[in-house]
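Undergrad: model the following, please.
(one chain, ligands or ions: 1)
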Amino acid sequence: MKQDIQDRILKRHAQCNYTCQYPGCEKPSTEIAHVISKGKYGRMRIKNYCFSKGLKLTSSDIDRIMHHDLNTYPTCKQHNDYMNLHISQDAKVESLIDEILDDIDKNVKSWK
Ligand SMILES: [Zn+2]
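TA: Okay, the predicted model is just below:
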């Protein structure tokens, strides 16, 4: 895993007080859940949606979206899957990508 992504994940755990973000769960966070799944499908989904908006993303642009705070939630082992958006929730996936793009626009330096 790239160092900047690893740093970002550690920062995300710290921001959330190393606690699972599933509502009502207070176990220590041991994993990072990705709302849009970090697998090939999720990456393709981000790429295709952005392409439809006229944005051609590089692999590292996709990483920025994939590992953005709005797409990552620290969880315990039990609750990782509960954070994922299902493939069928297209409208939610697209509005989350829009929200992340807006945030990246406003805080270009926050990634570094
Ligand atoms: Zn939990």
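Undergrad: just want the most central residue of the chain.
TA: In the chain, the residue lying closest to the centroid (Cα atoms, centre = their mean) is Asn71, at 2.3 Å.
Undergrad: now that one, nearest residue through space, not along the chain?
TA: Distances taken as Cβ to Cβ, 6 or more residues apart in numbering place Val35 nearest to Asn71, at 4.9 Å, with adjacent residues excluded. Glycine gets a C-beta too; all of them are placed from N, C-alpha and C.
Undergrad: pretty sure that neighbour is touching Asp81, no?
TA: No: assessed by Cβ atoms under 8 Å, Val35 is found out of contact with Asp81, at 11.4 Å.
Undergrad: same drill for these two, tell me which one is more crowded.
TA: Val35 (20 against 11; other Cβ atoms under 10 Å).
Undergrad: helices of the protein, start to end?
TA: Here the chain has its helices, by DSSP state H, at 3-15, 40-52, 59-66, 90-106.
Undergrad: so which of these gets nearest the ion?
TA: Of all the helices of the chain, it is helix 3-15 that lies closest to the ion, at 13.2 Å by Cβ to the ion.
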